[in-house]
Structures are given as structure tokens and as C-alpha cells.
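Turn this into a structure:
(2 chains)
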There are 2 protein chains.
Amino acid sequence: MTYIIGHQKPDLDTVVSSVATQYLFDQKEGFGHVGAQPVLAGTHNEETSFVFEKFGVKIPPVLVNEQLLPGDSFVLVDHNEKSQRFDTIANDAIIEIIDHHPIELSTNAIFVTVKPWGSTASIIYFLMKQNNVTPPQEIAGLMLSAILSDTVGFRSSTTTQNDKDFVTELAHIAEINDVEAYIFELFKVKSNVTHLSPQQIVTKDYKKFNMSGKQVLINQVETVEQSKLVAQKAELTSAMRDVKQLEGVEYIFCAISDVLAVNTKMLYSNENERRILEEAFDVAPIEDAVFDIGPRLSRKNEFVPPIQMAIKQLDLE
Amino acid sequence: MTYIIGHQKPDLDTVVSSVATQYLFDQKEGFGHVGAQPVLAGTHNEETSFVFEKFGVKIPPVLVNEQLLPGDSFVLVDHNEKSQRFDTIANDAIIEIIDHHPIELSTNAIFVTVKPWGSTASIIYFLMKQNNVTPPQEIAGLMLSAILSDTVGFRSSTTTQNDKDFVTELAHIAEINDVEAYIFELFKVKSNVTHLSPQQIVTKDYKKFNMSGKQVLINQVETVEQSKLVAQKAELTSAMRDVKQLEGVEYIFCAISDVLAVNTKMLYSNENERRILEEAFDVAPIEDAVFDIGPRLSRKNEFVPPIQMAIKQLDLE
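Down below sits the predicted model:
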């Protein structure tokens, strides 16, 4: 059996890529993979459930080691590096790769198509076009969603003109008239936190740092419903104070980033943290417990350096 | 400047690939490399001179380090591994790769097209077809020659149906009616040894081996004029005896391989070598100093093991 498989933390682009690649292979014997089966290397996320349900397509099953046989071969989509691969894929069992990531590869001469575009789905649509294959409405819908998801609705710096052009073409096939409205719908699902407790929200995606001898926790929530979350500031800042004790850190910050509007609001839980943010971003709180730090989205590049500098300069107790 | 460059020991496929890629890039702005210049990473061979002269195309110049500027970028054709690259190409200066070799690569996400076909020229013709580009007669002639050269006139085990189909199409464009006759013409040039002395012929492509404590030299000459060379056996075996002394080896063998007819005749220079070949290949000499060892072409797989075994078993003085 030939399996079409994505990486071990399947996001929407990975899952869609395996399904769209199967469609392409089955239409064109020339690829030599008619009958290849899409499989996942791990559990899919909520966004993937939503999109596949919306377009009425079944999500491929997770591959289990026990079903593998000697001689099975693999088409890798949306990844190429060994560290991202399903555990038991031998190097010489890989027969084709379609990907948009940096290349870290050592294999025989096999079919490899890598392009530095915003999503693997864009590359697969490009291959479809080259081979005069038009995806049916539901596959077009999946591919469009994957491109929008991986490029953060064209806001990611990885976005190319191809990604944009292909979404226009795929939207026509999928009969999606208002792409911006669909981007909002998609990211609402992608960033849905309504099922999470305040404590889960303020630790959703956090990193700890040592800054001038102080332990600092910076959490980031990506959302398209920023104001709804900021309105819960009382519960969230209370949870932040609990987390500080549990995690044994001095300072805690919770960034609530609107990925589509490109804006971050930063929550703090006490006076010292307020002083740090004021010093770091040179603005006053817009209301109690809340700073608006403007069009910043990157924790690594835009949150950490100014906070680090502020802590160094303030020399707080 | 963007350079289109092959590997450091340029053969015909490498040189043709850089020229054909330039043609493709200049026709299609979409590749983003209009104005890229083909260059060589080393000196071209006689076969390349012959083919470029035949089709009236200028051979690209050899790149020299002194002409490189900061910001220059590279499209690699017919190679990808670091060991084969022009010395001073930095990893992040590589912007695209088109190749048919095993992959040994670590870069950013860039454009990569690798296919396990018989030649890089086949992949470039495939890209031309996908982009509705038809090469002009002289470029078609170069590409056809490169495919035939790299696949040893379709006799190499790396040959695919694509290589064959593309040669048929390119022959039509290049107005080459008798492909088999052209293969013979090409390999006559490729394997031309008329300018070599007998001693140069018997050491043209040799390897030394230690077999049961004896130093053994096995030379191979690939040719399409086998009988002409075998007819010079007196001069050649005399040269073999000289080389044995010069190189300090016990035994010497000279394989004269007709790569198109797929046959090897093996020359020996004394009685012990005759006994070794008789034992190794289980046939008698067809005439004094000459064995016909049949449809064998691979020194590594088909000459060395039986000779090694024979030397071990005979236990000669």
C-alpha cells in the first residue's frame, strides 16, 4: 500500500493536503500512485473537524504501526524533515514529497516538489492545474480553507501572490462568495476558547523566561474575538494570579492577539506588571488591567525584548 | 546576478541543462529568473564540444570566484549535494534546484524539482511542456543529446519511459530522423581514444585492488569501436606490461567495453592473467590475449568479484 501522510501534529493544511493529493493521484495515472490512501500521523484539530464537516468530506484515519506491511511506501505532504515524520517511516520507503517547508533531507532520487509558498495546498492546486485537473467543489473548499488557515488569511509573511490567486480560483469552484467573511468564520473556530476555563485560557500557549533573575511567564491567545476575551478580564486576571503561584513565577502577562485585525491587548495582574508594560511599550493602560500594544503579534520578536529591557531598567522589588 | 550552474565535473547533461534552463526561464516570467546566466563549474568535455558545435550553440563560460558579488544567487542543475557544488556557493544563495540525483540537502524552502529520471534534460523538457514552451531546434538538439548521453542511449538502468518519449518528441523538433545512428555518432565521440597512446588507453580509467595479497589493476575503456581497439592488442598488451612495472602491480587487465552493444572484451598480458580470467569467467580466450566475457559492463559488480574469487582459488606464484 502507498500512504499519503502529513506530519505528526496535523493541522488543517496537512490533512487537506493528503486528501487533495489522493484526488490528484487518482485522476492522473501518470503520477503512478492510483489507489494511494491518505492517512494522518496524529490526531486532527477542531478547525479540521469544522472544515471537513462543512464540505462533507470524511477525515482520513490515523495510521497505526500495526497495519503497516513490509513494502508499504509513503508520499510525504506538508513536511520532509525526519523529526516531523511518522515514527516508523524508513528513509527508502519514501517515494514522493510535496512540501513548503525548509528542506532537511537525505534520500534516493525521488519525486520532490518543494516551493516556498504559504501552504502545501497551494502547491497541490498548482500541480492540479499543470495536469488539467479541476478539483470538485468539496475538495476545492478544503484546499481554499487550508490556504487561508496556513497564511492566516493572507496576513502571514509567508503569503505569496500564488496563494491569493489560487484562493480566488478555488472560491469560484467552491462557490464561496465572501472570502473575508469565511476567513473570519474559520479563525473563529480555529481560535475558539469558549470551552476553556479561565486558567486554561491564560496558560493556553505560554513560555517562561528568566529576565534579570526573575521568572516571567508570557502567555499568548490567538483569537478573532479579542473584545469578548478582554471583557472577561476579571476572571482572567484572577486566574493569572493563581497560575503565578502554581508555576512559581514572579510576573505573568497574557497577550490576547487578534490575528486578523493584527492587534494585541496585554493583560497584567498587579501593579509591578503594570509598571513593566508601561515602561516596555511606552503607553498607558487603556483600562484597568489592560494595555493596547498595537499591531504586534510575535511574542519572540515583539513582546519578549521590550519586557526584558523594562525589567532590567526598573529594578523592581 | 542569478547563475544557472551544474556540478564541478561538467558532463553533457550538466552543460545542456544550464543552457536549456536559461531558455525556459527567459520564456516564462513566472519562474522569476529572467536574465539568469548559465555558467560552468569546471571545464567541459569533448562530447560537449562536439554536440554544441553540431547544433551551433555557444558553450557557457566557466564561473570564476572573482566575478561573484554579494547577493548573487544560484539555480543548481544536475546536482544538489554540497560535495558536488561550485566551491563558494553559500547555502542561502541557492534559490532553485532541478536535479535527478539522490538528495542530500539542507536549505530554506526553495523551488526544488527532483525526479528519478535518466537525465536532468528530461526534467527540464517536462517543465517546458508543463509551461507550454517549445524549445527551438538547436536547444531541442542539445537536450536530446543530453538525454541520450546520460542514459547511454537508453541502455542505462536509470532510463525511464519519459526519457524515451521525450527523445522522440525532441528528435522531431531537432529534425533528427535516425536516432540510433545519432546515438552511435555521439558515443563514438564520447569514447574517442584515437588521440591517446597505448599506455594512456590501458590506464584511461583504472582502479587498483588488493586481492589475496596481490596488487591487481583493472582498467576499463568504454567505446563503440571495440573491434578497432581489440585489433591493436599487440601495442596494448605491450603497454600493459610496462604499466605493471610502473605501477608495481602483479596483475593487469584491460576491459574494452562496447557500451551500446553491451559487451566486454578483456585483454591480459601474460599466462597467469590468462589462467585467472579463464577461472573467473569460465570461458576460453577467443584469440591470443583476448577474452570475450559477454554482456557485462560493470567493473564493480561484474569484473571485480569473479577475478577476486579466481585469484583466491588459483593460489598462483
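
how about the residues of the stretch 151-300 of chain A near chain B?
Taking C-beta under 8 Å from any C-beta of the partner chain, no part of the stretch 151-300 of chain A reaches chain B. Placement of C-beta: from N, CA and C, glycine included.

ok, which stretches of the stretch 151-300 of chain A are strands?
Counting by DSSP state E, counting those that start in this stretch, the stretch 151-300 of chain A has these strands, from start to end: A:206-211, A:214-223, A:251-258, A:263-268, A:290-292.

Tell me which of those lies nearest to A:Ile124.
Among these, the nearest to A:Ile124 by C-beta to C-beta is strand A:214-223 (25.6 Å).

Run the chain-centre distance for that closest one.
How far strand A:214-223 lies from its chain's middle: 18 Å, per C-alpha atoms, centre = their mean, to the nearest Å.

Equivalent analysis for stretch A:286-304, please.
Chain-centre distance of stretch A:286-304: 20 Å, with C-alpha atoms, centre = their mean.

which outside residues touch it?
By C-beta atoms under 8 Å, 6 or more residues apart in numbering or on different chains, the surrounding residues in contact with stretch A:286-304 are A:207, A:209, A:218, A:220, A:230, A:233, A:237, A:253, A:255, A:257, A:259, A:262-269, A:277-278, A:281, A:283, A:285.

Next: stretch A:160-177.
Contacts for stretch A:160-177 (C-beta under 8 Å, 6+ apart): A:55, A:116-119, A:122, A:125-126, A:134-138, A:140-141, A:143-144, A:147-148, A:151, A:154, A:179, A:182.

Pull out the buried residues from the residues you listed.
A:55, A:116-119, A:122, A:125-126, A:135, A:138, A:140-141, A:143-144, A:147-148, A:151, A:154, A:179, A:182 (16 or more other C-beta atoms under 10 Å in any protein chain shown).

Just to be sure, which of the residues you listed are found in helices?
The members of those that map onto helices under DSSP state H are A:Ser122, A:Tyr125, A:Phe126, A:Glu138, A:Ala140, A:Gly141, A:Met143, A:Leu144, A:Ile147, A:Leu148, A:Val179, A:Tyr182.

Write out the residues of the stretch 1-150 of chain A neighbouring chain B.
A:99-116, A:130.

Sitting in helices, which of those do you find?
Those of those lying in helices (DSSP H): A:Gln130.

sorry, back to before: in JSON lines, list the strands of the stretch 151-300 of chain A along with mean pLDDT and distance to A:Gln200.
Listed next are these as JSON lines, based on pLDDT from 0 to 100; distance: least, C-beta to C-beta, whole Å:
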{"stretch": "strand A:206-211", "mean pLDDT": "94", "distance to A:Gln200": "11"}
{"stretch": "strand A:214-223", "mean pLDDT": "95", "distance to A:Gln200": "10"}
{"stretch": "strand A:251-258", "mean pLDDT": "97", "distance to A:Gln200": "12"}
{"stretch": "strand A:263-268", "mean pLDDT": "98", "distance to A:Gln200": "15"}
{"stretch": "strand A:290-292", "mean pLDDT": "98", "distance to A:Gln200": "20"}
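
In a markdown table: those, plus mean neighbour count and distance to B:His172.
Shown next, in a markdown table, are the strands of the stretch 151-300 of chain A (neighbours: other C-beta atoms under 10 Å in any protein chain shown; distance: least, C-beta to C-beta, whole Å):
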| stretch | mean neighbour count | distance to B:His172 |
| --- | --- | --- |
| strand A:206-211 | 15 | 62 |
| strand A:214-223 | 20 | 57 |
| strand A:251-258 | 24 | 59 |
| strand A:263-268 | 23 | 61 |
| strand A:290-292 | 18 | 68 |
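
Make a markdown table out of those and add distance to A:Lys164.
Below are those laid out as a markdown table (distance: least, C-beta to C-beta, whole Å):
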| stretch | distance to A:Lys164 |
| --- | --- |
| strand A:206-211 | 32 |
| strand A:214-223 | 22 |
| strand A:251-258 | 21 |
| strand A:263-268 | 22 |
| strand A:290-292 | 29 |
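
among these, which is nearest B:Pro305?
It is, among these and with distance given as C-beta to C-beta, strand A:206-211, at 58.9 Å.

roughly how far is the closest one from the heart of the chain?
For strand A:206-211, the distance to the chain centre is 22 Å (C-alpha atoms, centre = their mean).

before we move on, back to that, so for A:Tyr23, which of the strands of the stretch 151-300 of chain A sits nearest?
strand A:214-223 (30.4 Å).

Check whether A:Val39 sits in a helix, strand or coil.
strand (DSSP: H, G, I helix; E, B strand; the rest coil).

pLDDT at it, what is it?
A:Val39 is assigned 98 on the pLDDT scale.

Okay, domains of chain A per the record?
A:2-190, A:198-314 (automatic domain parsing).

quick one on the thing from earlier: and the residues of the stretch 1-150 of chain A next to chain B, which are buried?
A:99-101, A:103, A:105, A:107, A:109-116.

Mind putting these into a markdown table with distance to B:Asp165?
Shown next, in a markdown table, are those (distance: C-beta to C-beta, whole Å):
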| residue | distance to B:Asp165 |
| --- | --- |
| A:Asp99 | 28 |
| A:His100 | 30 |
| A:His101 | 33 |
| A:Ile103 | 29 |
| A:Leu105 | 28 |
| A:Thr107 | 26 |
| A:Ala109 | 19 |
| A:Ile110 | 20 |
| A:Phe111 | 17 |
| A:Val112 | 21 |
| A:Thr113 | 21 |
| A:Val114 | 26 |
| A:Lys115 | 26 |
| A:Pro116 | 31 |
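
State the number of residues packed around A:Glu225.
18 (other C-beta atoms under 10 Å in any protein chain shown).
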